[in-house]
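Student: Got a predicted structure plus its sequence, pasted below:
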Amino acid sequence: MPTLADLRKEYSLAGLTEADAGGDPFALFHRWLDQAVAAEISDPNAMILATVAPDGSPSARAVLLKALDPRGFTFFTNYDSRKGREMGANPKVALCFLWHQLERQVRVEGTVEIVSAAESDQYFVKRPLGSRLGAWASPQSAVIAGREVLEAAHAELTAKYPDGPPRPPNWGGYRVLPTVIEFWQGRPSRLHDRIRFARTASGWARVRLAP
């Protein structure tokens, strides 16, 4: 069996030129995301969200991108969760998308804002009934005695809201407003393509980074 040091892969599927990147990082991201969906990658909208606690301790977890527009990247969660509390104390966050089958990665840095109640309501009603009930049943990130606590709460809520519950007041969306978006395309000999867009007062500034 190979050791961890022996595990390696040569990246050779594609390249990323300045002409390919264009001047709009959102247009490029949409193109890459569409290609990830077309490639039938599992959870192509999954992204790692990194936050920072008030004491400076970082934490990261996977969440799902649920909306994208020129303002930024939107996901939904419990405001009282660990990530919610950390974003409330420090709105600076980072995202990372990894589409390994396409040998691509996108990194995002920026700040978060809470989306409007109307946007959160609109998304909440689209969720499956079980997920809507789960948003009420789970005191996300809190210590619980066992799984039976969740299952009992879910059963109680199912009986209480047979047609579906309203959106919990402590649950909704966050939008990451990007200041930096970096696109990474794997290349042979570890000479990867890295194109970074940084927001300026006049638009997006694009540069190439060494791998």
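Tutor: Yes, it's here.
Student: per-domain residue ranges of the chain.
Tutor: Under the assignment automatic domain parsing, the domains of the chain span 9-123+169-209, 126-166.
Student: Could you list the paired strands of the longest strand belonging to the chain along with their orientation?
Tutor: In the chain, taking DSSP state E as the definition, the longest strand is strand 171-185. When sheet partners are counted by DSSP bridges, strand 171-185 sits next to strand 72-78 (antiparallel), strand 104-114 (antiparallel), strand 193-200 (antiparallel).
Student: give me the element Ser120 is part of.
Tutor: Ser120 is part of helix 117-124, with elements assigned from DSSP states H and E.
Student: pLDDT score assigned to the residue most central in space within the chain?
Tutor: Among the residues of the chain, the one closest to the centroid is Met47, at 3.5 Å (Cα atoms, centre = their mean). The score at Met47 is 98. That number is its pLDDT.
Student: Give me whichever of the domains of the chain is most buried.
Tutor: Of all the domains of the chain, domain 9-123+169-209 carries the top mean neighbour count, a mean of 16, counting by mean count of other Cβ atoms under 10 Å. All C-beta atoms are positioned from the backbone trio N, CA, C, and that covers glycine.
Student: would CSV of the domains of the chain with distance to Met1 be doable?
Tutor: CSV is the format used below for the domains of the chain (distance: least, Cβ to Cβ, whole Å):
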stretch, distance to Met1
domain 9-123+169-209, 17
domain 126-166, 35
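Student: Of those domains, which is nearest Thr3?
Tutor: domain 9-123+169-209 (15.2 Å; Cβ to Cβ).
Student: how about the helices in the protein?
Tutor: Ranges of helices in the chain, per DSSP state H, are 18-21, 25-38, 82-89, 117-124, 129-137, 147-160.
Student: Could you check the angle the second one makes with strand 72-78?
Tutor: Using axes from the mean of the first three to the mean of the last three Cα atoms, to 10 degrees, the direction of helix 25-38 lies 60 degrees away from that of strand 72-78.
Student: what sits up against helix 25-38?
Tutor: Helix 25-38 is contacted by residues 20-22, 44-45, 68, 70, 97, 99, 102, 104, 106, 178, 181, 183, 197, 204 when judged by Cβ atoms under 8 Å, 6 or more residues apart in numbering.
Student: distance between it and the chain's centre?
Tutor: The chain centroid and the centroid of helix 25-38 are separated by 14 Å under Cα atoms, centre = their mean, to the nearest Å.
Student: what is the rounded mean pLDDT of it?
Tutor: Average pLDDT, helix 25-38: 98.
Student: With the shortest one instead?
Tutor: Averaging pLDDT along helix 18-21 gives 98.
Student: packing partners for that helix?
Tutor: Contact partners of helix 18-21 among helices and strands, from 3 or more Cβ pairs under 8 Å, 6 or more residues apart in numbering; DSSP states H and E: strand 203-209.
Student: now stretch 103-111, how far from the centre of its chain.
Tutor: Offset of stretch 103-111 from its chain centre (Cα atoms, centre = their mean): 9 Å.
Student: quick one: low-confidence parts of the protein?
Tutor: Scanning the chain for pLDDT under 70 picks out nothing.
Student: same thing but 90
Tutor: Flagging of the chain using pLDDT under 90 yields the residue ranges 1-2, 8-9.
Student: circling back: who wins for proximity to Arg167 among the helices of the chain?
Tutor: helix 117-124 (4.1 Å).
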